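In: quick one: sequence plus predicted model below, questions after.
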Amino acid sequence: MDSTSVRGVRIASFLLLVFISAAGTLAASDETAPARDPKQAVDEAYTAKIQKYTTAPYFTSPLVNYLPASKTVPTPETVLGDVAGAPGVLPYAEDVYKYMRLLEKASPRVKVFSIGTTEEGREMIAVAISSPENLKNLEENRARLTKLADPRAIKLDDAEADKLVAQAVPVYYITGTIHSPETGAPTALMELAYRLSVDESPYIREIRDGMITLITPVVEVDGRDRMVDIYKWHLAHPKDFYPPLIYWGKYVAHDNNRDAMGVTLKLTENVLNTYVKWKAQVLHDLHESVPYLYDNTVGDGPYNAWVDPILTDEWQMIGSRNVADMTKFGMPGVFTHGDFDTWSPGYLMFIAAMHNGISRLYETFGNGGADTQERTLDPEEYARTWWRQNPPLPKVLWSQRDNNNYEQTGLLTSLHYFNENKRLFLKNFYLKAKRSVTKPSAEGPAAYVLPADESRPSLQAELLRVLQKQAVEISRAKAGFTVALPVKKEKPKKDGKDKKDTKEAEKDKKPEPTSRDFPAGSYIVRMDQPYARIADALLDHQYWSPDDPQKTPYDDTGWTFGELFGVQVARVTDLKVLDVAMERVMEIHAPGGVKGDGAVFAINNAAEPALATLRYKLKDANVEAAEEPFESGGKKFNRGSFIIRNANRADLDRAAAEVGLQAVAVGAAPSVKTHPIRAARVAFVHTWLSTQTEGWWRLALDDLKIPYDYISTQAIAKIDDLNAKYDVILFPPVGFFSSPTAIINGMPTAWGNPLPWKNTPETPNLAGKNDSTDDMRPGLGWDGFAKLQTFVQKGGVLLTATDTSRFATEIGLVTGVSAQTSERMKIVGSVVGTRLVDGASPIAYGYEEKVPAYCDNGPIFSLSSISGARGRRRLGNESRSRPTGRGTADEPDFTVGRPGVEAPEEPTSETWEAPPVTDEQRRNGFRVIPPADRARVIFRYADQKDLLISGLVAGGNEIAQHPAVVDVPSGKGHVVLFSINPVYRGETRGTYSMVLNTILNFDSLDAGRKLAEK
Ligand SMILES: [Zn+2]
């Protein structure tokens, strides 16, 4: 017996004492203490198994260490064949639903609702548990909650609200298993549903009679079924390694809990709709990663700047009480502070935070399956800190039952505390809604306006539809209007110097405009509505101070939707905007179709992704791109605008209307140079290392209806002639485990067993509609690499971003571009400025001078015209200075005893350019890359002072001015490298067209190119 277990035993007996003495003193004088109903029989067999599977006496509580018996209601054992949390038992979603529906059949206290389906067509459910009377009066109660949720209905009358608060039954919504390898919640929630519907102890009866518990036992249903497949495979092959869960849902893995801003996944939409429809007060999301229970909403700063402080107080109240209750039960390792910050509103639970409810999230401890295992913690996990006075133990035997005990105990004490204080929480629910409605005058802004003269109406419509998914009301102005702009205060100069200069400069400055006009038809997002906060949070700018004590932001620090969608959004503080004549808009669609007369049609290119959708819709039409701007019929067209011939007008009208693009019929084609826009054949490459980040790209292409073949790096080597099948190969970011050598080598194959990812009778759900393989381990390999190289040499286009760009530069797919890793730079998921460098490149079609983009410490590209030269990060031209000598700083030095000589002028270049080739380099210059083969910079990062738009940028000088998007010719083809990530979380739709332009102009990427002279 080692020292750890000796200590463990001692702690065990100590805690047991605490546990016995705590039960009686737990509650405040008027609160019901947790205790069994002595008159209700216990299911002895079930209870014995609970005790058997619990690995230590302190890993349970008096709330869950028994199961009440029922003659009519089936226990989870009916479906599971064992108790909840039993080793070796992981139910599919279908089994969980089967049980919930058995409960519904057997008990008038349970109702099951279907809340939608997943991308792969699996059902999602919500289970309501309450007294039969509450369930009978659901609609009446919903009407009350609706008035509290939207206080405009009661004219913000507090007295009326108090009456509703006194009568309403609150709704507490619990969601399980959004993260598929976190496996404990479904069985915990099955048993919780049983307890809530059967247990007659006063403690549970109060919850049942006092509130409605709503449960979605499985959020990521597609991923759950895959995870259960893998676990069953593991049980059948206990000595083998099992495949890691590479796909969770159809598109993304862990990031499914980062979708609550963009609402692009079905699971987010279904939970959001359920939350809003039920007018729930809480959304409590269950996770597993931290020992043993971390109620992480209290977490750490910085808190999201747009949540109501009433909510942050509620976090503290509920979190602290939860820790206290469980600590008194003698359960170790329960805490509520910790390093999770609550800045990003992307988490599923944040649906509640942004809709006037209470967001909560549990991290419990799990083994990623239902095996009972010995687990050893890191020192920082078991360290006692001020916020974790009773930390987890360094080494324990941990079971799925232990997990289920913690989850249920946490939830039951939370439900009971919530019920005890429900009038307070209901009143807060009303107050938060009321404070949203009074936001314009209380704190501002009054509204956001999206002007009618937007140059990208289809993207504007997409942004507004995201807001509508968030239950935000959108209005449209019936007439033009003017608002006053806030007066900008000049910042005083810090050092007090240059006062005179500043004054003079001020005289020359144009006066700032004091008002702004908006045309009729402009969209107005009023802030005097109950769900104003989510609109404000999405449309406003974020600033994360480089000096913030939180040094490791948990997720993205910036997300401003107007910037990332590339559309105009005006933050208006002038209250008069609310008096503008306007109407609610229920359906938002950008106007589109064909206007004018003529057989040739022109569509302006404003970098709207819908253009690509249209090209693929009109498969057989003759579409060309104008290489220069032109005017026709009094309308201006940008470079890259479509010119369409031989199209059926009715077909074009229908297709353009569907995607929200305006085609203009013109008498004759404009006399500008054009090139064909073909529907490229696209291959989309993924690794077997991680599919998380590329999933967002698939989702975007599927939404836009751009067809592609989805192939793995393993498949590349097996395709004889890539050029015969494809014009463009997209290799989107890999995400985790993405070093260049890992992309080539894959996972280790020198030991272990094959890791199959395919549908078999043992694993019927694994591949779904995604890819499959007999062995996930091999990577691209050198054969695959050679195939990629040949593809580009023969004229193909390869597009890479972030880590795959690093792969392309480091492994030698391009020459003349290197990618450095930053030293001190910290750009943590931020919106940054980029600048157009080469507007004649088809990749830039439709873009203006300044383009906001998403960057997460992207690779720092440097260019060189010398093959094999290791490009260095460059700091511009100011670094050169003259040596010590005669004269002034600007004058030449001199040498005694000989006439002065004029030095040749030093060649200069910008940071994003390759330094000019020198005469010395040209001597026997076999390394000098010929001008036509040199990299072409399309976009660069903005200057340091303009880099930050939203989020955190520290040490930005490392990447400022460096290339952001580069087109590198290689043989007859091209490799297009992105340092930014142009396609991400459904949030970056303004930069999608950089990728789509590359696809559509794949065989004309050199259009408009100006070559260096030598
Ligand atoms: Zn999780």
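Out: On my side now, so go ahead.

In: in the chain, where is pLDDT below threshold?
Out: 1-29, 490-509, 870-880 (pLDDT under 70).

In: let me see the ranges of the strands in the stretch 251-400 of the chain.
Out: 282-288, 293-300, 334-341, 358-364, 373-376, 395-398 (DSSP state E, counting those that start in this stretch).

In: roughly how far out does the last one sit from the chain middle?
Out: Which is strand 395-398. Average the C-alpha atoms of strand 395-398, do the same for its chain, and the two points are 34 Å apart (C-alpha atoms, centre = their mean, to the nearest Å).

In: C-alpha coordinates for it, PDB please?
Out: Only the C-alpha atoms of strand 395-398 are listed here, as PDB (Å, rounded to 0.1, in the frame of the first residue of the first chain):
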ATOM      1  CA  LYS A 395      -5.000   9.600  -7.000                       C
ATOM      2  CA  VAL A 396      -8.300   7.700  -7.000                       C
ATOM      3  CA  LEU A 397     -10.200   4.900  -8.500                       C
ATOM      4  CA  TRP A 398     -12.900   6.600 -10.500                       C
END
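
In: list the pairing partners of that strand within its sheet, with orientation.
Out: strand 373-376 (antiparallel) (DSSP bridges).

In: picking that back up, closest one to residue 914 among the strands of the stretch 251-400 of the chain?
Out: Checking the strands of the stretch 251-400 of the chain against residue 914 by C-beta to C-beta gives strand 334-341 as the closest, at 40.9 Å. Where C-beta positions appear, they are placed from N, C-alpha and C, glycine not excepted.

In: which SSE is the residue in the stretch 51-200 of the chain positioned nearest to the ion in?
Out: As assessed by C-beta to the ion, the ion sits closest to residue 179 within the stretch 51-200 of the chain, at 3.4 Å. Assigned by DSSP states H and E, residue 179 falls within no helix or strand.

In: returning to what we had before: in a markdown table: the strands of the stretch 251-400 of the chain, plus mean neighbour count and distance to the ion.
Out: Output for these, formatted as a markdown table (neighbours: other C-beta atoms under 10 Å; distance: least, C-beta to the ion, whole Å):
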| stretch | mean neighbour count | distance to the ion |
| --- | --- | --- |
| strand 282-288 | 26 | 3 |
| strand 293-300 | 25 | 10 |
| strand 334-341 | 20 | 11 |
| strand 358-364 | 25 | 7 |
| strand 373-376 | 13 | 17 |
| strand 395-398 | 20 | 17 |
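
In: for the stretch 401-550 of the chain, which segments count as strands?
Out: Under DSSP E, counting those that start in this stretch, the stretch 401-550 of the chain gives strands at 447-450, 475-477, 481-484, 515-518, 523-526.

In: need those strands in a markdown table with mean neighbour count and distance to residue 188, can you?
Out: Converted to a markdown table, the strands of the stretch 401-550 of the chain look like this (neighbours: other C-beta atoms under 10 Å; distance: least, C-beta to C-beta, whole Å):
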| stretch | mean neighbour count | distance to residue 188 |
| --- | --- | --- |
| strand 447-450 | 25 | 42 |
| strand 475-477 | 19 | 44 |
| strand 481-484 | 16 | 52 |
| strand 515-518 | 15 | 52 |
| strand 523-526 | 24 | 40 |
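
In: can you add distance to the ion and give the ones you listed back as JSON lines?
Out: Converted to JSON lines, the strands of the stretch 401-550 of the chain look like this (distance: least, C-beta to the ion, whole Å):
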{"stretch": "strand 447-450", "distance to the ion": "32"}
{"stretch": "strand 475-477", "distance to the ion": "38"}
{"stretch": "strand 481-484", "distance to the ion": "44"}
{"stretch": "strand 515-518", "distance to the ion": "43"}
{"stretch": "strand 523-526", "distance to the ion": "32"}
